[in-house]
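S.K.: generate coordinates for the sequence data below:
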Amino acid sequence: MTDVPLPAHILTWKASSDVICMEEIPAPAPKLAFDDPYEDDEDHLNKVSKYWKACNKERMQREACYKELLGAEVEAARRRKADENTRAEKAKEEAAM
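M.R.: Presented below is the predicted three-dimensional model:
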């Protein structure tokens, strides 16, 4: 009778000392507040307002970057135009000589 093979699910059983009980797992206890019935709504509003603040901050940063790049492009175009004008004047002076 000892030659009978045991099923796999019986062979995988552990001794009770090897099993981790729920009390041994370090986890914070759930916090339940029954004092304020609208607490969840306030938390939701906080999350929504934080989300929109972050979105607005990102938008303002994008706008500032865009304005900075646009200003740099305008300045580069102004300098390029001034360089072209000075080259044209030098070419006229050389042609007049």
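S.K.: residue ranges with poor pLDDT in the chain?
M.R.: 1-44 (pLDDT under 70).
S.K.: now do the helices in it.
M.R.: 8-11, 39-96 (DSSP state H).
S.K.: as TSV, these with mean neighbour count would be great.
M.R.: Where C-beta positions appear, they are placed from N, C-alpha and C, glycine not excepted. Below are the helices of the chain laid out as TSV (neighbours: other CB atoms under 10 Å):
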stretch	mean neighbour count
helix 8-11	7
helix 39-96	10
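S.K.: CA atoms only: put stretch 75-84 into CSV for me.
M.R.: Only the C-alpha atoms of stretch 75-84 are listed here, as CSV (Å, rounded to 0.1, in the frame of the first residue of the first chain):
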residue,chain,number,x,y,z
GLU,A,75,14.9,88.0,-33.5
ALA,A,76,16.8,85.7,-35.9
ALA,A,77,14.6,87.0,-38.8
ARG,A,78,15.2,90.6,-37.8
ARG,A,79,19.0,90.0,-37.7
ARG,A,80,18.9,88.1,-41.0
LYS,A,81,17.0,91.0,-42.6
ALA,A,82,19.5,93.5,-41.1
ASP,A,83,22.5,91.5,-42.5
GLU,A,84,20.8,91.3,-45.9
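S.K.: name the residues that touch that stretch?
M.R.: Outside stretch 75-84, no residue is within contact range by CB atoms under 8 Å, 6 or more residues apart in numbering.
S.K.: from here on, call the first residue 47.
M.R.: Okay, using 47 as the starting number, the last item reads as stretch 121-130.
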